[in-house]
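Peer 1: Give me coordinates for this.
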Amino acid sequence: MHIGILQTGTSPDAMRPVHGDYSDLFERLLAGRGLTFSTFDVEHMHFPEGPEACEGWLITGSRHGAYEDHPFIAPLEDLIRAIYAANVPLVGICFGHQIIAKALGGKVEKYAGGWAVGPQQYDFAGRPVTLNAWHQDQVTVLPEGAEVCGSNDFCANAALLYGDRAYTVQAHPEHTPEFFVDLAKARRGIVPDAVLDPALARRDTPLDDIYLADQIARFFTERTLA
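Peer 2: I've put the predicted structure just below:
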């Protein structure tokens with residue numbers, strides 16, 4: 001199955017030679033599951049011709065806010081609505097989670113409670129799931145048709161399922177512990193030390209990235225999480 005990665009940001013320059021770019025992180029996360037990939041750098045206005053250009057779509061994280069005014073935001077929202085209307089499976093991670101909700105009528109805001117950084121535990125339909133997070137923005141109002149399928153006390157709308165059309169997650173299953181540590185070094189000063197240092201102390205917490213990778217692949221190929 002051919003998946004189009006809609007890349008909405010880039011890894012920090014110093015990290016790219018070691019970890020690759022955002023698209024590389026997802027290709028590694030989803031390797032061995034019968035998926036092939038093409039990347040479209042939509043942050044720099046390189047868009048696919050339309051929803052049918054690939055058999056499924058994945059929107060990456062970004063340093064940008066979904067509510068900010070950047071040239072790529074409006075055409076990306078148009079593409080999201082077109083993909084959704086064409087019933088082509090769509091997955092969004094972090095910024096992808098947020099921009100899909102916004103494009104479909106929800107609301108994204110900078111969360112008053114601050115940052116979620118590093119390993120976080122979520123409730124996914126009764127299953128505890130631990131993933132690395134890196135966000136201050138959250139989906140605060142759900143669009144019509146979105147069902148919460150993952151949450152915790154800090155992030156009520158941490159994963160959303162839109163029937164068989166879209167599946168989105170606020171956390172970063174593609175962030176390995178090594179990537180998280182290097183990102184923390186690169187972004188120190190943006191995230192308060194009082195948040196960052198305890199998160200780094202939890203850096204070796206076992207993650208459920210394989211579980212999320214399986215869920216994403218199953219959603220693409222079977223249009224379900226079950």
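Peer 1: Nearest residue to the middle of the protein?
Peer 2: Centroid-nearest residue in the chain, with CA atoms, centre = their mean: residue 93, separated by 1.0 Å.
Peer 1: Which of the three states applies to the residue located most distally from the centre of the chain?
Peer 2: Farthest-out residue of the chain from its mean C-alpha position, per CA atoms, centre = their mean: residue 194, at 24.5 Å. Following DSSP: H, G, I helix; E, B strand; the rest coil, residue 194 is assigned to helix.
Peer 1: Okay, it and residue 114: tell me how far apart.
Peer 2: According to CB to CB, to the nearest Å, residue 194 and residue 114 sit 9 Å apart. To be clear about C-beta, it is placed using only N, CA and C from the backbone, and glycine gets the same treatment.
Peer 1: Check residue 218 too.
Peer 2: With CB to CB as the criterion, residue 218 and residue 114 are 33 Å apart.
Peer 1: ok, now residue 82?
Peer 2: 35 Å.
Peer 1: which other helices and strands contact the helix or strand where residue 25 lies?
Peer 2: Element membership for residue 25, per DSSP states H and E: helix 22-29. Here helix 22-29 touches strand 2-6, strand 36-40, helix 209-222, going by 3 or more CB pairs under 8 Å, 6 or more residues apart in numbering; DSSP states H and E.
Peer 1: can you list those in JSON lines and add distance to residue 121?
Peer 2: Shown next, in JSON lines, are the helices and strands packed on helix 22-29 (distance: least, CB to CB, whole Å):
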{"stretch": "strand 2-6", "distance to residue 121": "27"}
{"stretch": "strand 36-40", "distance to residue 121": "29"}
{"stretch": "helix 209-222", "distance to residue 121": "13"}
